[in-house]
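Enquirer: Curious how this folds, go ahead:
(one chain, ligands or ions: 1)
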Amino acid sequence: MTTTTIGIFGGGQLGRMMAQAALPLNIKCTFFEAKTDCPAAALGPVISTEANNGLQDFIASADVFSLEFENTPLADVDVLIQNKSLFPPRQALATAQNRLLEKALFDELNIPVAAYRAVDSLASLKQAVVDLGLPIVLKTATGGYDGKGQFVLREADQIEQAWAELGPAKSLIAESFVQFSREVSIIAVRGQDGEVRTWDLAENHHHHGILSHSIVPAPDSQDLQPVAQDYITRLLHHLNYVGVLTLELFVTEQGLYANEMAPRVHNSGHWSIEGAVCSQFENHIRAVAGLPLGSTQTIRPTVMVNIIGQYPKKEDVLALSCAHLHLYDKSERAGRKIGHITLMPLDSNELTSLCIQLARILPEPLALTEEMQINV
Ligand code: AMP
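Expert: Residues are numbered from 1 along each chain as shown. I've put the predicted structure just below:
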């Protein structure tokens, strides 16, 4: 059967951009999301998770299924996969939803990670501090994102406070603090025939725990790229994965350490809409629909800047040469990702000038000044 409709768990900007990529292929999307006026609503029908029979209606609405929301309830997935296919597979989702399972998988596949311990009591937290030394990063095993559900424990006298804050989550992970120089991510896609393609590494910069901007290719990443590619390929084949997978990594003096994986298209891959021959969104759709994958080659070095909290004036952004604007149709709120801008400078001089202009235009302060050093 030729796939014509893909049902997507979630209806945020990732679903919106997936559906935008599906449209030229005449593939339609439906969405399963609490609020029916979500960012994806302009691109296809949204079935409310709150509606009576919502799940059944969603399952009936499409031929094959995917997700844009990594906390998609496994209970819903279990109902779905009795009759229909989900890409990526359930195991990838279940693993990514639990940091302890995720780290165990990285260990199993010999992908380096920071030393860690499972923590489920004050006593086990104290033992983790003895075993790992300080500082450690204490995280909830499930449910955390964008740095939420985390506590950096630097001194032994913070143990009780850390436990009071995160202990109610019951299942925690204590990780050694990684002395990294940079954070990067690798994004890859695997087709239904097992073919794997990988985009260039992105160097990611965060502001208050939220991705602020990504630079692709990550500067000086020639040696890192094959290693990251090898790690993500191990994951993809092991999980019999179909679709786009993201692996976030720390760059250290000892090499790359995996932090976490996201079983979906990723914010650090938005650059690929304009910067790569085939974007993460299009290749994800192709994989889910069982179609041949497109080239992941970078066309031009690219900087992707998130619009967080407040919109800039559209006219100001579009007046910049080599800038593409993506708005997600979300209301403004502090700390919320509401759009992004892709800069495709022709050379490092133009990049410097674009970053200076953009820093003036964006209402939220951005740590863009570091970009002045970057050579494209
Ligand atoms: P996460 O939610 O795991 O992606 O963590 C959010 C951010 O916290 C990461 O992007 C890092 O900047 C930082 N972080 C997480 N884990 C560690 C660690 N083990 N050592 C140092 N920094 C970390």
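Enquirer: Give me the pLDDT value at the most far-flung residue of the chain relative to its centre.
Expert: Going by CA atoms, centre = their mean, the residue of the chain most distant from its centre is Asp157, 34.2 Å out. On the pLDDT scale, Asp157 is placed at 95.
Enquirer: does Pro301 really touch Val216, like I thought?
Expert: Yes. Applying CB atoms under 8 Å as the test, Pro301 and Val216 come out as touching, 6.8 Å apart. For the C-beta atoms, the positions are set from N, CA and C on the backbone; glycine is no exception.
Enquirer: quick one: common contacting residues for those two?
Expert: Common neighbours of Pro301 and Val216, using CB atoms under 8 Å, 6 or more residues apart in numbering, are Gly275.
Enquirer: neighbour count winner among these two?
Expert: Val216 (30 against 22; other CB atoms under 10 Å).
Enquirer: quick one: that one from Asp107, how far?
Expert: Distance, Val216 to Asp107, by CB to CB, to the nearest Å: 29 Å.
Enquirer: next one: Met261
Expert: Met261 is 13 Å from Asp107, by CB to CB.
Enquirer: Who are the contact partners of the residue most central in space within the chain?
Expert: Nearest to the geometric centre of the chain sits His266, at 3.1 Å (CA atoms, centre = their mean). Contacts for His266 were tallied using CB under 8 Å, 6+ apart; they are 185, 187, 244, 246, 280.
Enquirer: can you redo those residues as CSV with neighbour count?
Expert: Shown next, in CSV, are those (neighbours: other CB atoms under 10 Å):
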residue, neighbour count
Ser185, 27
Ile187, 30
Val244, 33
Thr246, 24
Gln280, 29
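Enquirer: which parts of the stretch 251-376 of the chain sit against the ligand?
Expert: 259-260 (CB under 6 Å from any ligand atom).
Enquirer: mind showing which ranges of the stretch 251-376 of the chain have poor pLDDT?
Expert: Applying pLDDT under 70 to the stretch 251-376 of the chain flags the ranges 365-376.
Enquirer: one more time with 50
Expert: For the stretch 251-376 of the chain, the stretches with pLDDT under 50 are 369, 371-376.
Enquirer: Now do the helices in it.
Expert: Using DSSP state H, counting those that start in this stretch, the helices of the stretch 251-376 of the chain run over 272-275, 280-288, 314-318, 348-361.
Enquirer: hey, which of those is tucked in deepest?
Expert: helix 280-288 (a mean of 27; mean count of other CB atoms under 10 Å).
Enquirer: SS state for Leu211?
Expert: strand (DSSP: H, G, I helix; E, B strand; the rest coil).
Enquirer: How about the contacts made by it?
Expert: Applying CB under 8 Å, 6+ apart, the residues near Leu211 are 146, 204-205, 267-268, 306, 337.
Enquirer: By neighbours, which of those wins?
Expert: Neighbour max across the contacts of Leu211 (other CB under 10 Å) = Ser268, 29 neighbours.
Enquirer: unless I'm mixing things up, Ser33 is touching Gly11, no?
Expert: Let me fix one detail, which is that residue 33 is Glu and not Ser. Yes. Under the criterion of CB under 8 Å, Glu33 makes contact with Gly11 at 3.2 Å.
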